[in-house]
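Colleague: Please work out how this folds:
(2 chains, ligands or ions: 3)
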Amino acid sequence: MSNPLADMAKPDVIFCIGTNMTECHPVAATGLKKAMARGAKLIVADPRRIKLAELADVYLPIRLGSDVALLLAMAHVIEREGLMDRAFIEQRTEGWEEFQRHLKGFTPRWAAAICEVPAEDIEQAALWYGGGKPSAIYYTLGITEHICGVDNVQSLCNLALMTGNLGVEGAGINPMRGQNNIQGCGDCGAETFVYPGSLPITDAAARDKFAQAYQRPDLDLGEAMTKVTAFLECGKSLHAMLIDGENTVVSDPDRIHCEHALRSLDHLVVIDLFLTETAKLAHLVLPATGWAETDGVVCNTERRVQRLRAAVAPPGVARPDWWIIAQIAQRLDIPGFDYSSAADVFNELCSLSPTYGGLDWERVSSESLSWPVPTKDHPGTPILHVGAFTNGRGKFQILGYRDPAEVIDERFPVWLTTGRRLQSYHTRTQTGRASGMDYLLSEESLEVNPDDLVHWGLRDGDWVSISSRRGSVQMKVRGTVRSPRGTVFTSFSFADVAVNNLTGSGYDPTTHTAELKVCAVRIEPVKT
Amino acid sequence: MTTKATERKQTMTLDGLEVPFSPGETLYEVARRHLAPVPTLCYDPRLEAFGACRLCIVEVQGMKAPVASCTTKALQGMVVSTATPSVEKFRKTLLELVVSENREVEVNPLRGFASQELSTLVNRYGARTGRFQGKHSGKSNKTDLNPFILRDYDLCISCYRCVRVCAEQEGDYAISVMNRGFSTQITTEFNADLRDSACTFCGQCVQTCPTGALADKKALRSADLPGEIEKTRTICPYCGVGCSVDIMTKGDRMVGVQPAMDGPANQGALCIKGQFAFDFVQHNDRLKTPLLRQSDGSFKEIGWEEALEFAAQGFRRSLEKHGRRSVYGIASGRAPHEAAYSMQKFVRAGFGTHYVDNCSRA
Ligand code: SF4
Ligand code: SF4
Ligand code: FES
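Modeller: Ligands and ions are numbered 1, 2, ... in the order given. Okay, the predicted model is just below:
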């Protein structure tokens, strides 16, 4: 997030796109409700009539995967009405003239046909966003889990750049991260494209720095492999894999492919808390200490670096993940793994990451700061991009609309989208084992518009089979107006309903994020 | 500049001492900042002041009657006394009245964060006299079988903190107040089970209740467990908001979670997952030893030495047979930095590649 969570109560106009915030980030949503009580306007764009949509001043039930069209048209209106922040454009951006020319054709009327929402509503949303001082954007996986995920994010950046809504209190572009430490994972360089501190692997100076620190003179320059490619390479060029606590078989798209990939490895080692569906495929499973048992550090969605503290002893002989990895590394004679505590590991990270340069174990134990924290006396950076961007000027991106990887047709006439629910988390390895949660959510169901139910000759609770080009699953249907006509929804939380047999039609070419949000399916009743 | 007026330091007299205050502060806020022990029951610093319980009254020179300090704004030159004998006597009588409505005053601290507020005040004022016995406001709801929130309204003192936190903090408006006086009853729309209301089971009403009338059912399962409750400050394991929580333990047993009222990301708020979904930690399904797959597909428990040796050998074999580009590492977005950092270092230092990723692409 470019801005802190506390800022959420401050904007004039809040634009939420592709985020089911009240269910996925309920505590953050309380800030939003406070802003609204203060009179802030709320714009919500989401294919499903989620709870947030009920709160909205203007709700845009856009067709799945049509976000870019909506955002282009909003930029068009802002430009036409002269709502830009000219000083900001002048001083801090580049490429404006070209972008301005590019926008001319993308009228609300054009977008209305693609997004399937009234042109007037697009117009209204644009006028509000463009007129807000400040206006803030919030989004989640509804924006990134598309083949055009990068285009979606860049379209949002264009809006914020042209209206000067960056580097100011109560504004910004704010992705809400789904897992407690997914932000931290990237901060630590546990991502193919970057080293710790977001230094790109294509940067020769960064390569030299880490080649030296890790005593690895032949460290690659720039050659990356995402997890998506890795699964295609299992059994071909890849033969051994170490997986830490991620139930990839249930959470990743295209389960059949994924299981097959892991089975074709010669050596699969999984570190986890439970014998998950993924761990069951391993040659060796190693027990890790979990939350409440491990000392460590995490980073939240507003880049706030915070301390985890152990409160109870772990079960059996479970050990911290870092200890397990370090022990394996030592046995492979990899240098630099003689850590004796979590603090040792964290302090090494801080010594190598420019964004964490001013942090250390002691400081994070007594203070709670948002990175970048470059020096020991730096107070942290709650708001990014104040006064200037780190990489020079903000660049407008010229982009156009593309259809999702898969669109509905005669054989697969219904849109399916997936997401999370309030009462369960990810693949339920945790919430599924917390007592009482079943009282509220005991089984998965497919959310279908009540009119569609009637139209398809179904009743609430009937079993249906849902098929996509990749596979099929069976599930109960539930009528709800949250689903628009022709679009159905389910979550990926229950391992026994392998929704990821269906999804996985495509990937964003730049980030390799899976298009989990859109897939075309067919729905047929099942005789019981 | 127009800020002149506010920049000029404002002062008032608090129990004979001249103290500064910022415009807009209430008398209660000023008093609390200067550690004057003004008692409150209907007050929660995160909510709009309500002025219902009257316990926080103070005397202001020149005013006929005492005023509620939580709703009265400080003004330049005010002379305030927070604990005159008549104010203290009034408070004691009030507390006696409140106690008379309650089935019990001593409640288990596992019930909730603020659950000890009433009993602490009753002890401080020696207000346990048994006067005003009999009348009760609120009936306990015994039919709501939800596994999270006990609705023990026999202990309710009608401070409305639960209703207010639900409306102001959560924006959920799941609960409301029915009737007035001794027949006051906190309830949901149509008096239904919470599950059938707008309730999201965030537990905020539980944590703000000053008497334990609303209580944490999951924590109460450990009421009979011996040992003192200890609290450990940490961060919720679920979403990226990163709410601060206190883990409650008795000995080596994790018994519950309470929100950290000063948590920088959450200011005391939590959702159902952070509040109630903690018991995966000490669940029986947890892996306790390394497991090695056998040729028949079953897993055999082994010790660390054997396990680590096996793990290392497999990677060495792959390296020797297929080269350094044959090994891949996947980090977890749920494990701490130390895990993620070690994983990427394992790959980069061990094999010289960037063949490492995490679950964010899924
Ligand atoms: S648990 Fe939360 S939503 Fe439910 S009644 Fe209490 S405060 Fe309201
Ligand atoms: S309590 Fe809820 S909102 Fe807060 S970090 Fe946990 S899961 Fe997220
Ligand atoms: S605390 Fe002031 S009236 Fe209750």
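
Colleague: Please name the residues that touch the closest residue to residue A:51 other than its chain neighbours.
Modeller: Once flanking residues are discounted, residue A:51 sits nearest to residue A:22: 4.5 Å by Cβ to Cβ, 6 or more residues apart in numbering or on different chains. From N, CA and C alone the C-beta is placed, and that goes for glycine too. Residue A:22 makes contacts with A:29, A:50-52, A:422, as judged by Cβ atoms under 8 Å, 6 or more residues apart in numbering or on different chains.

Colleague: what's the spacing between stretch A:111-130 and its chain's center?
Modeller: Put simply, stretch A:111-130 sits 25 Å off its chain's centre (Cα atoms, centre = their mean, to the nearest Å).

Colleague: Now that stretch: buried residues?
Modeller: For stretch A:111-130, burial by neighbour count (16 or more other Cβ atoms under 10 Å in any protein chain shown) applies to A:111-112, A:114-117, A:119, A:121-130.

Colleague: In strands only, show me those residues.
Modeller: If you go by DSSP state E, those have nothing in strands.

Colleague: if we can go back for a sec, quick one: pLDDT of the residue nearest to residue A:51?
Modeller: The model reports residue A:22 with a pLDDT of 76.

Colleague: quick one: it is in a helix?
Modeller: Yes: assessed with DSSP: H, G, I helix; E, B strand; the rest coil, residue A:22 lies in a helix.

Colleague: Next one: it from ligand 3, what distance?
Modeller: As for residue A:22, its distance to ligand 3 is 31 Å (criterion: Cβ to the nearest ligand atom, to the nearest Å).

Colleague: One more: residue A:373?
Modeller: Residue A:373 sits 40 Å away from ligand 3, going by Cβ to the nearest ligand atom.

Colleague: same thing with residue A:130?
Modeller: According to Cβ to the nearest ligand atom, residue A:130 stands 44 Å off from ligand 3.

Colleague: And for residue A:457?
Modeller: Per Cβ to the nearest ligand atom, residue A:457 is found 59 Å from ligand 3.

Colleague: Next up, phi/psi of that residue, please.
Modeller: Main-chain dihedrals, residue A:457, degrees, to the nearest 10: phi 70, psi 40.

Colleague: The closest residue in space to it that isn't next to it in sequence bridge partners, please.
Modeller: Spatial nearest neighbour of residue A:457, excluding adjacent residues (Cβ to Cβ, 6+ apart): residue A:525 at 6.9 Å. Counting by DSSP bridges, residue A:525 is bridged to residue A:464.

Colleague: so residue A:525 touches residue A:462, yeah?
Modeller: Yes: with contact defined as Cβ atoms under 8 Å, residue A:525 reaches residue A:462; the gap is 6.3 Å.

Colleague: for the stretch 251-362 of chain B, which spans come out with low pLDDT?
Modeller: Scanning the stretch 251-362 of chain B for pLDDT under 70 picks out B:360-362.

Colleague: mind checking pLDDT for the residue nearest to residue A:457?
Modeller: We have a pLDDT of 92 for residue A:525.

Colleague: now swap in residue A:249 and tell me
Modeller: As predicted, residue A:249 sits at a pLDDT of 68.

Colleague: How much space separates the residue nearest to residue A:457 from residue A:437?
Modeller: 30 Å (Cβ to Cβ, to the nearest Å).

Colleague: Next: residue A:360.
Modeller: Per Cβ to Cβ, residue A:360 is found 38 Å from residue A:437.

Colleague: Can you name the residue of the stretch 351-500 of chain A nearest to chain B?
Modeller: Closest contact between the stretch 351-500 of chain A and chain B, by Cβ to the nearest Cβ, is at residue A:436 (3.2 Å).

Colleague: count of residues packed around that residue?
Modeller: Neighbour count for residue A:436, taken as other Cβ atoms under 10 Å in any protein chain shown: 17.

Colleague: again, but for residue A:197
Modeller: Count around residue A:197 with other Cβ under 10 Å applied: 20.

Colleague: Kindly report the same for the one 3 residues further on.
Modeller: Neighbourhood size, residue A:200 [other Cβ under 10 Å]: 12.

Colleague: For the nearest residue to it once chain neighbours are set aside, name its beta-bridge partners.
Modeller: On the basis of Cβ to Cβ, 6+ apart, the spatially nearest residue to residue A:200 that is not a chain neighbour turns out to be residue A:194, at 5.8 Å. On the basis of DSSP bridges, residue A:194 is bridged to residue A:191, residue A:200.

Colleague: wait, what's in contact with residue A:194?
Modeller: Neighbour list for residue A:194: A:186, A:200-201 [criterion: Cβ under 8 Å, 6+ apart].

Colleague: Could I get the pLDDT score of it?
Modeller: Confidence score, pLDDT, at residue A:194: 94.

Colleague: For it, give its distance to residue B:329.
Modeller: Residue A:194 is 15 Å from residue B:329, by Cβ to Cβ.

Colleague: Now do stretch B:52-60, average pLDDT.
Modeller: Stretch B:52-60 comes out with an average pLDDT of 94.

Colleague: repeat for stretch B:206-215
Modeller: 94.

Colleague: Likewise for stretch A:488-508?
Modeller: So the average pLDDT for stretch A:488-508 ends up being 68.

Colleague: Domain-wise, how is the chain divided?
Modeller: Defaulting to chain A. Using automatic domain parsing, the domain parsing of chain A gives A:5-176, A:179-224+A:289-320+A:338-374, A:225-287, A:414-525.

Colleague: look at chain B instead
Modeller: Chain B breaks down into these structural domains: B:4-83, B:94-282, B:304-361 (assignment by automatic domain parsing).

Colleague: out of those domains, nearest to residue A:60?
Modeller: domain B:94-282 (21.5 Å; Cβ to Cβ).

Colleague: Centre of the chain to that closest one, how far?
Modeller: Domain B:94-282 has its C-alpha centroid displaced from the chain centroid by 9 Å (Cα atoms, centre = their mean).

Colleague: tell me how far the ends of that domain are from each other?
Modeller: 44 Å (Cα to Cα, to the nearest Å).

Colleague: List the residues that contact the residue nearest to residue A:457.
Modeller: Taking Cβ under 8 Å, 6+ apart, one finds A:456-458, A:462-465 in contact with residue A:525.

Colleague: Whichever residue of the stretch 151-300 of chain A sits closest to ligand 1 - how many residues pack around it?
Modeller: Taking Cβ to the nearest ligand atom, ligand 1 has its nearest neighbour within the stretch 151-300 of chain A at residue A:176, 20.4 Å off. By other Cβ under 10 Å, the residues close to residue A:176 number 24.

Colleague: Ligand 3 versus that one, what's the distance?
Modeller: 35 Å.

Colleague: try residue A:410
Modeller: 66 Å.

Colleague: what does residue B:9 give?
Modeller: Taken as Cβ to the nearest ligand atom, the span from residue B:9 to ligand 3 is 26 Å.

Colleague: ok, now residue B:274?
Modeller: Distance of residue B:274 to ligand 3, given as Cβ to the nearest ligand atom: 28 Å.

Colleague: Report the secondary structure element holding that residue.
Modeller: helix B:272-276 (DSSP states H and E).

Colleague: hmm, that helix touching ligand 1?
Modeller: No: contact of helix B:272-276 with ligand 1 (Cβ under 6 Å from any ligand atom) is absent, the minimum separation being 7.9 Å.

Colleague: now the residue of chain A found nearest ligand 1: how far from residue A:350?
Modeller: Per Cβ to the nearest ligand atom, residue A:26 is where chain A lies closest to ligand 1, at 9.4 Å. Remark: distance between residue A:26 and residue A:350 (Cβ to Cβ) = 32 Å.

Colleague: Residue B:151 now?
Modeller: Distance from residue B:151 to residue A:350, by Cβ to Cβ: 48 Å.

Colleague: residues making contact with stretch A:383-400?
Modeller: Stretch A:383-400 is contacted from outside by A:2-4, A:7, A:68, A:72, A:92-96, A:98-99, A:102, A:151, A:154-155, A:157-158, A:161-162, A:166-169, A:172, A:303, using Cβ under 8 Å, 6+ apart.

Colleague: List the buried residues in that stretch.
Modeller: Per 16+ other Cβ under 10 Å, stretch A:383-400 contains these buried residues: A:383-385, A:389, A:394-397, A:399.
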